[in-house]
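> Please find the sequence and the predicted model below.
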There are 2 protein chains.
Amino acid sequence: MLAVHLEKRRVNVRNVRKPSRPEGFALIRLLCAGICNTDLELQRGYYGFRGTPGHEFVGEVVEADTANLVGRRVVGEINLACRRCDWCSKGLGRHCPRRTVLGIVRHPGAFRELLTLPEVNLHVIPDSVTNEEAVFVEPLAAACEILDQVSIPDDCEVAVLGDGKLGLLISQALNARRKRVHLYGRHRNKLGVAGRVGVATTVVKKKLPQTAYDWVVDATGSSDGLRQAITMTRPRGTIFMKSTIHGATPIDAVPVIVNEITLVGSRCGRFEPAIELLQSHKVNVKDMISDILSLSDAPRGFARAAQRGVLKVLLDAQ
Amino acid sequence: MLAVHLEKRRVNVRNVRKPSRPEGFALIRLLCAGICNTDLELQRGYYGFRGTPGHEFVGEVVEADTANLVGRRVVGEINLACRRCDWCSKGLGRHCPRRTVLGIVRHPGAFRELLTLPEVNLHVIPDSVTNEEAVFVEPLAAACEILDQVSIPDDCEVAVLGDGKLGLLISQALNARRKRVHLYGRHRNKLGVAGRVGVATTVVKKKLPQTAYDWVVDATGSSDGLRQAITMTRPRGTIFMKSTIHGATPIDAVPVIVNEITLVGSRCGRFEPAIELLQSHKVNVKDMISDILSLSDAPRGFARAAQRGVLKVLLDAQ
């Protein structure tokens, strides 16, 4: 079977053996997968990764212990938790210190024709959600995580910085959950994706509004994003940190302290709210697809995903 | 009357005219004042300050609109709010954008024989609290602010980094409020102040415990403190930022995001909990006094306060 292999910054496609299925795991045939910025970071050498990447996928269960999973279309939570530690017993396996992570940490990823995941990680996708939409469950869950972490009152104004894939999903998710979202970005065409579902958008030219929001999300993916978010936030306001920038990010601690601002680091989320949102069709993910290539074309897909102005590149395995 | 004057990094004592008392204000005769690190920062040139500094004080009301304030011993909240804006109407005059600040922003400070403050800013000090203790109300209120911002469950372990004045007050305040506090610092004698009221203490030699606390307070006053606090914090943990470092503080955003850590900027606090704590004698402030000099000796007081190993320097005006 085909599998993407990443090593020393190079992406290639190999023929590998079908994986064995441990007890409690499902064997899943890939239908469609998405290339995420984290995959591009793995390629750039973060985490010293070598192997098959990929953690955004939808697939069909081929074999499983639970008979009625077989034949179902599923997406899968990416953290494989130990299910025994304190974190796991609190239902927070996403923070299990012994976890492996699909396509990121010691568990082969989804960019291959057959993959394995624990059955408990799987979520069945309703028929009304297409494969191309279902691929967005994982990143949309990360967007929805904000709403799980902190209770943002309805009708509050929220500024989202950054019109990349994550900024578009966050702004749409918050908008669907009755927040008054204002998305700031540099690309009129990308902003349009969120604009079409009712998110207010502004093309950033020079200065962003200062001390203007109680809620700000930094999804710029830039080391300057957090600094900008701090200047936009009112006293006692909250900033969600969604830009995983490697290396030191300089922040000015004085306004954070003087204005008693709260910064909330935010990562993966539960899949249920994301599946619900896709079912409701209140988020526009179709317009976020820049390209659909075949799995065997993965090297070109990685190159394409790294280009300026490109949003989601999907790898089709059907 | 005598007043301390700060200009171009030089501290001197001048003879100035008695201040006039606006309506709603009290005229207060200084009894005792404390030199704070912020005063030393003003001296170093931050905020372009020129004038009389000082915001930690206890005094006796000489004149006031409210007759029964006259003759009472008082301390005073340092933020002079407009009392008309949205922040003020929510009871958060400490964040009023039009505020002046005693001895810091456009309101002459407390290092002078007579000062003025709005009567609404004043809190009468109970007889059981001495002048030397009452001077600590303002910084102790800033320490207690943490408990007002976030609900920390009783018996939780809290790590406090930094055995300077603020670290000692924070660790003692949290300890008095039934948290299990561990204070980390570099000075055995300073740690002893908190140790004597039951705070666990450790002299930091090399490495701090990693991923070990759900609650961490950075009161190091060092730009490295926040970085250290992040490494000590467990997933989903909270860090209180109490070190007002000027300029860029480098932080590693990746562990904040991956571990979903919350950072809470924290500044001034309400005076009531601080007065209560001093009355209860559950905090040891007497051992934090390194020196008591007369107000006319303020230049020497500033020099002394800036020396290594020195804790609080008081200026006595009786």
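Thanks, I have it.
> So for stretch A:22-42, could I get the coordinates as PDB, restricted to C-alpha?
C-alpha atoms of stretch A:22-42 as PDB (Å, rounded to 0.1, in the frame of the first residue of the first chain):
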ATOM      1  CA  PRO A  22      -3.600  -4.100  17.800                       C
ATOM      2  CA  GLU A  23      -6.500  -5.000  20.100                       C
ATOM      3  CA  GLY A  24      -8.800  -2.100  20.700                       C
ATOM      4  CA  PHE A  25      -7.700  -0.400  17.500                       C
ATOM      5  CA  ALA A  26      -9.500   0.000  14.200                       C
ATOM      6  CA  LEU A  27      -7.900  -0.500  10.800                       C
ATOM      7  CA  ILE A  28      -9.000   2.500   8.600                       C
ATOM      8  CA  ARG A  29      -8.900   2.900   4.800                       C
ATOM      9  CA  LEU A  30      -8.100   6.600   4.100                       C
ATOM     10  CA  LEU A  31     -10.600   8.500   2.000                       C
ATOM     11  CA  CYS A  32      -9.300  12.000   2.200                       C
ATOM     12  CA  ALA A  33      -6.600  13.900   4.300                       C
ATOM     13  CA  GLY A  34      -5.600  17.500   4.800                       C
ATOM     14  CA  ILE A  35      -2.200  19.000   4.900                       C
ATOM     15  CA  CYS A  36      -1.900  21.200   8.000                       C
ATOM     16  CA  ASN A  37       0.700  23.800   8.900                       C
ATOM     17  CA  THR A  38       2.000  21.400  11.500                       C
ATOM     18  CA  ASP A  39       2.900  19.000   8.700                       C
ATOM     19  CA  LEU A  40       4.900  21.800   7.000                       C
ATOM     20  CA  GLU A  41       6.600  22.400  10.300                       C
ATOM     21  CA  LEU A  42       7.500  18.700  10.600                       C
END
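> anything in it near chain B?
No: on the criterion CB under 8 Å from any CB of the partner chain, stretch A:22-42 is out of touch with chain B, staying 10.3 Å away. C-betas here are computed from N, CA, C, even on glycine.
> which parts of that stretch are buried?
With burial defined by 16 or more other CB atoms under 10 Å in any protein chain shown, the residues of stretch A:22-42 counted as buried are A:25-28, A:30-39, A:41-42.
> and those residues, which of them are in helices?
A:37-39, A:41-42 (DSSP state H).
> Reformat the residues you listed as CSV; add distance to residue A:80.
Listed next are those as CSV, based on distance: CB to CB, whole Å:
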residue, distance to residue A:80
A:37, 21
A:38, 16
A:39, 18
A:41, 20
A:42, 17
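> A helix includes residue A:191, no?
Yes: the assignment for residue A:191 is a helix, going by DSSP: H, G, I helix; E, B strand; the rest coil.
> quick revisit: and the two most separated of the ones in helices among the buried residues of stretch A:22-42?
A:37 and A:42 (9.8 Å; CB to CB).
> Starting from residue B:214, give me the distance back to whatever residue of the stretch 51-200 of chain A ends up closest to chain B.
Ranking the residues of the stretch 51-200 of chain A by distance to chain B (CB to the nearest CB) places residue A:95 first, at 3.8 Å. The gap separating residue A:95 from residue B:214 is 12 Å, by CB to CB, to the nearest Å.
> tell me, what's touching those two both at once?
residue B:236 (CB atoms under 8 Å, 6 or more residues apart in numbering or on different chains).
> okay, the two: which has more neighbours?
residue A:95 (21 against 17; other CB atoms under 10 Å in any protein chain shown).
> packing partners for the longest strand along chain A?
Identified as the longest strand of chain A according to DSSP state E is strand A:25-35. In terms of contacts (3 or more CB pairs under 8 Å, 6 or more residues apart in numbering or on different chains; DSSP states H and E), strand A:25-35 is packed against strand A:56-63, strand A:73-76, strand A:114-118, helix A:131-134, helix A:298-305, strand A:312-316.
> ok, that strand: who's next to it in the sheet?
Applying DSSP bridges, strand A:25-35 is found paired with strand A:56-63 (antiparallel), strand A:114-118 (antiparallel), strand A:312-316 (antiparallel).
> Would you convert those strands into a markdown table that also reports mean pLDDT, mean neighbour count and distance to residue B:286?
Conversion of the strands paired with strand A:25-35 to a markdown table gives the following (pLDDT from 0 to 100; neighbours: other CB atoms under 10 Å in any protein chain shown; distance: least, CB to CB, whole Å):
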| stretch | mean pLDDT | mean neighbour count | distance to residue B:286 |
| --- | --- | --- | --- |
| strand A:56-63 | 98 | 23 | 61 |
| strand A:114-118 | 98 | 21 | 59 |
| strand A:312-316 | 98 | 24 | 64 |
